[in-house]
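> need the 3D shape of this:
(chains A and B)
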2 protein chains.
Amino acid sequence: MRTEFQTIEYLKSTFDLSRVGDDCAVLHKDADTDLVITADMLVENVDFRLDWANAKQIGHKSLAVSLSDIAAMGAVPKWAMLSIAVPERLWDTGFLDDLYYGWHVLARQFGVELVGGDISSSPDLLVIDSIAGGETPNGKAILRSGAKAGDAIYVSGALGGAAGGLALLEERRGDTAPDSELVKRQLQPHPQIELAKTLIQQGLVTSMIDISDGLSSDLRHICRASSVGARIDADQVPIYPGLVTTFGSNRSVDMALNGGEDFELLFTAASGFVADEEFGITKIGEISKNNGSIVIFKDGKPSELDPGGFRHF
Amino acid sequence: MRTEFQTIEYLKSTFDLSRVGDDCAVLHKDADTDLVITADMLVENVDFRLDWANAKQIGHKSLAVSLSDIAAMGAVPKWAMLSIAVPERLWDTGFLDDLYYGWHVLARQFGVELVGGDISSSPDLLVIDSIAGGETPNGKAILRSGAKAGDAIYVSGALGGAAGGLALLEERRGDTAPDSELVKRQLQPHPQIELAKTLIQQGLVTSMIDISDGLSSDLRHICRASSVGARIDADQVPIYPGLVTTFGSNRSVDMALNGGEDFELLFTAASGFVADEEFGITKIGEISKNNGSIVIFKDGKPSELDPGGFRHF
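Modelled structure (predicted):
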């Protein structure tokens, strides 16, 4: 079966789509500025479940995933559109108002204006397409394709929390209250807009992606786009607080390496990059010349890191 | 039950959304140019059916509806994104390749570049969100809100054809072959990009909308946005060729007034506007001062024109 990645590669080559394949497309805006744009489709029972998340959380997450793509380009978000296909069972329940409210609260934090979209009826499931536009100085968007051998690899924050929250929801284990930190991490991710802005100020970030599919998959996206390889140290990968207590060490490492939707930043930087402690970022490895080879060291022993991919519900 | 229109009005006032409500949102691009953007969501069994339209036609129509919105602003389309939620039954069938192919053939006609989007899995139905961006000179986008009392009201082409095609498909009547003119009108609409460009050259078009919901509804959108009324002459409304032969006179007039998805242009123009025959446009009435009142004259007798609305399948 053809994967989504293979499908996109096929379409790119068939229709000569040079701008497709990064977190956002980069378009010329004016003499000083580029426009970056992204679209993310969220489907009920694939990307969210109504018995796990309320309308406000779904609204929040719809925008958060797109703002995270904007952050991954090192851009500042400006406007957004929201297309929604609404099943009849939700139409007159106030659900839509709450969804827009959750969307709006996050939008206001970042000065993002809702400029359009569409509302359609759906025979069955709720489907949301979240579109966002942002700006960078000309030619300054951080692409996946800029990593060079010798660059250090960093991640922001800590990983595996969203996967842990998902597991709690799936397994209806223990503390699955909406205010549980892990569950909140899954349902209400925070896009790293401010951090991205800070990180790129030194001019040494060479590539960046947001961790939506999982570290192992997203690092592979960078390596593919940059025609490089990578070596990472499992012991250095920051694990989300409380994850080990709940899931044990092995499963927590797996969640941190392969769990999706942490919406942290994974980036590479040229030598000289100063990782101030206040950034909350961690060096986890180094880019190598070995195109396509991602080696992970565990207890000093190397093995190939296979992409865990994003695990849907 | 709250309508889509009421929902959008509620959201506009609650969240102070000044740019929402026209065919496209208008954003500042640079010193000379505005960016116009639009998103249209198409849902299987609401906006299209797989037993009526093939993948190429669905791809074509997805883009056509968005380009029609761009045309309605008097803008030139530039780029587009396509988000698709694909059910498993269609994933490995070549359906997606054909859909993109149909999309691409239309895009190439207008020099539109696919710059991004999303591919997601769907548990059930095919859902498409079509996003398009275009450009106009600064401040020159034609809004719904510019109609003035005394302006003439025009439509391009002829109306009711798409509704006729839909009826043929629904009723499986007579000539429902995909190459039937009426069915083609429903399944493969042509966005009036070139015509819009020509029409606005005289600088006298005061408001414009594309006919997606139906003449009666779309004229109401213009009147509401412009705080005016309208008088139209039913005998002047151009009826799609062949419609009367198939459906009789009364039903054809109903289709022309209330049928959706013709994707022709409905616009108003100030006095002095010259409607060259080659434009293929027809004057159907005049804007009045009577805010919200749309009067239709049939055989010389006036009556209020109620919005027929877009009739989904």
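
> C-alpha from now on. contacts and neighbour counts both.
Fine.

> which strand or helix spans residue A:297?
Using DSSP states H and E, residue A:297 falls within strand A:294-298.

> who are the packing partners of the next helix or strand after that strand?
Once the chain leaves strand A:294-298, the next helix or strand it forms, by DSSP H and E, is strand A:301-304. Other elements packing on strand A:301-304 under the criterion 3 or more Cα pairs under 8 Å, 6 or more residues apart in numbering or on different chains; DSSP states H and E are strand A:294-298.

> picking up where we left off before, and the strand holding residue A:297, what's its mean pLDDT?
Averaging pLDDT along strand A:294-298 yields 93.

> next one: stretch A:208-220
Here the average pLDDT along stretch A:208-220 is 96.

> contacts for it?
The contact list for stretch A:208-220 (Cα atoms under 8 Å, 6 or more residues apart in numbering or on different chains) reads A:23, A:68-69, A:71-73, A:142-144, A:222, A:256-268, A:292, A:294, A:305-310.

> please repeat the previous calculation with a cut-off of 7 Å.
A:23, A:68-69, A:72-73, A:142-144, A:257-268, A:305-310 (Cα atoms under 7 Å, 6 or more residues apart in numbering or on different chains).

> what do you get for stretch A:146-159?
Stretch A:146-159 is contacted from outside by A:206-207, A:226, A:228, A:238-240, A:256, A:262, A:264-271, A:280-289, using Cα under 7 Å, 6+ apart.

> find the nearest non-adjacent residue to residue A:265, please.
Of all residues not flanking residue A:265 in the chain, residue A:210 sits nearest, at 4.6 Å (Cα to Cα, 6 or more residues apart in numbering or on different chains).

> so how far is chain B from the one you found?
The gap separating residue A:210 from chain B is 15 Å, by Cα to the nearest Cα, to the nearest Å.

> quick one: low-confidence parts of the stretch 201-313 of chain A?
Along the stretch 201-313 of chain A, segments meeting pLDDT under 70 span A:308-313.

> if we use 90, what do you get?
Regions of the stretch 201-313 of chain A meeting the criterion pLDDT under 90 cover residues A:275-279, A:292, A:298-300, A:305-313.

> which residues in it form helices?
A:215-226, A:243-247, A:249-258 (DSSP state H, counting those that start in this stretch).

> and the ones you listed, which is most packed in?
With neighbours defined as mean count of other Cα atoms under 10 Å in any protein chain shown, the helices of the stretch 201-313 of chain A peak in mean count at helix A:215-226, which reaches a mean of 24.

> which residues of the stretch 51-200 of chain A lie near chain B?
Residues of the stretch 51-200 of chain A found near chain B (Cα under 7 Å from any Cα of the partner chain) are A:83, A:92, A:114-120, A:122, A:129.

> hmm, try it at 6 Å
Counting by Cα under 6 Å from any Cα of the partner chain, the residues of the stretch 51-200 of chain A lying close to chain B are A:115-118.

> tell me where the model's unsure across the stretch 1-150 of chain A.
In the predicted model, the stretch 1-150 of chain A carries pLDDT under 90 at residues A:1-21, A:92-93.

> repeat that with 80
Scanning the stretch 1-150 of chain A for pLDDT under 80 picks out the ranges A:1.

> what segments of it are strands?
Assigned by DSSP state E, counting those that start in this stretch, the strands in the stretch 1-150 of chain A fall at A:25-28, A:33-43, A:76-87, A:113-122, A:127-137.

> per-residue pLDDT, the closest residue to residue A:238 other than its chain neighbours?
Leaving out its chain neighbours, the residue that sits closest to residue A:238 by Cα to Cα, 6+ apart is residue A:158, at 4.8 Å. According to the prediction, residue A:158 has pLDDT 97.

> number of residues surrounding residue A:158?
For residue A:158, the count of nearby residues is 18 (other Cα atoms under 10 Å in any protein chain shown).

> can you check the one 10 residues further on too?
Residues contacting residue A:168 under the criterion other Cα under 10 Å number 21.

> quick one: what helix or strand has it in it?
Element membership of residue A:168, judged by DSSP H and E, is helix A:161-171.

> what's in contact with that helix?
Outside helix A:161-171, the residues within contact range by Cα atoms under 6 Å, 6 or more residues apart in numbering or on different chains are A:176, A:182-183, A:185-186, A:240, A:255, A:259, A:261-262.

> of all the residues you listed, which comes closest to chain B?
Nearest to chain B out of these is residue A:261 (Cα to the nearest Cα; 14.7 Å).

> can you get me a residue count around the closest one?
Neighbour count of residue A:261, defined by other Cα under 10 Å: 25.

> over to residue A:275?
14.

> now swap in residue A:128 and tell me
By other Cα under 10 Å, the residues close to residue A:128 number 27.

> now the one 5 residues further on
Residues within reach of residue A:133, counting by other Cα under 10 Å, total 25.

> returning to that earlier point: and the residues of the stretch 51-200 of chain A next to chain B, which is closest to residue A:17?
Closest to residue A:17 out of those is residue A:117 (24.2 Å), distances taken as Cα to Cα.

> ok, the closest one to residue B:146 distance?
From residue A:117 across to residue B:146, the span is 22 Å (Cα to Cα, to the nearest Å).

> the more surrounded of these two?
Neighbour comparison, residue A:117 and residue B:146: the larger count goes to residue A:117, with 26 against 20 (by other Cα under 10 Å).

> ok now the longest helix along chain A, how far from the chain's centre?
Determined from DSSP state H, the single longest helix within chain A is helix A:55-72. Distance, stretch centre to chain centre, for helix A:55-72: 9 Å (Cα atoms, centre = their mean, to the nearest Å).

> return it as CSV; C-alpha atoms alone will do.
Below are the C-alpha coordinates for helix A:55-72, written out as CSV (Å, rounded to 0.1, in the frame of the first residue of the first chain):
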residue,chain,number,x,y,z
ALA,A,55,-15.4,21.5,21.4
LYS,A,56,-13.1,24.2,22.8
GLN,A,57,-10.2,21.8,22.9
ILE,A,58,-10.9,20.7,19.3
GLY,A,59,-11.0,24.3,18.2
HIS,A,60,-7.7,25.0,20.1
LYS,A,61,-6.0,22.0,18.6
SER,A,62,-7.1,22.8,15.0
LEU,A,63,-5.4,26.1,15.1
ALA,A,64,-2.4,24.8,17.2
VAL,A,65,-1.3,22.3,14.6
SER,A,66,-1.3,24.9,11.9
LEU,A,67,0.5,27.5,14.1
SER,A,68,3.1,24.8,14.9
ASP,A,69,3.8,24.5,11.2
ILE,A,70,4.2,28.2,11.0
ALA,A,71,6.6,28.1,14.0
ALA,A,72,8.6,25.3,12.2
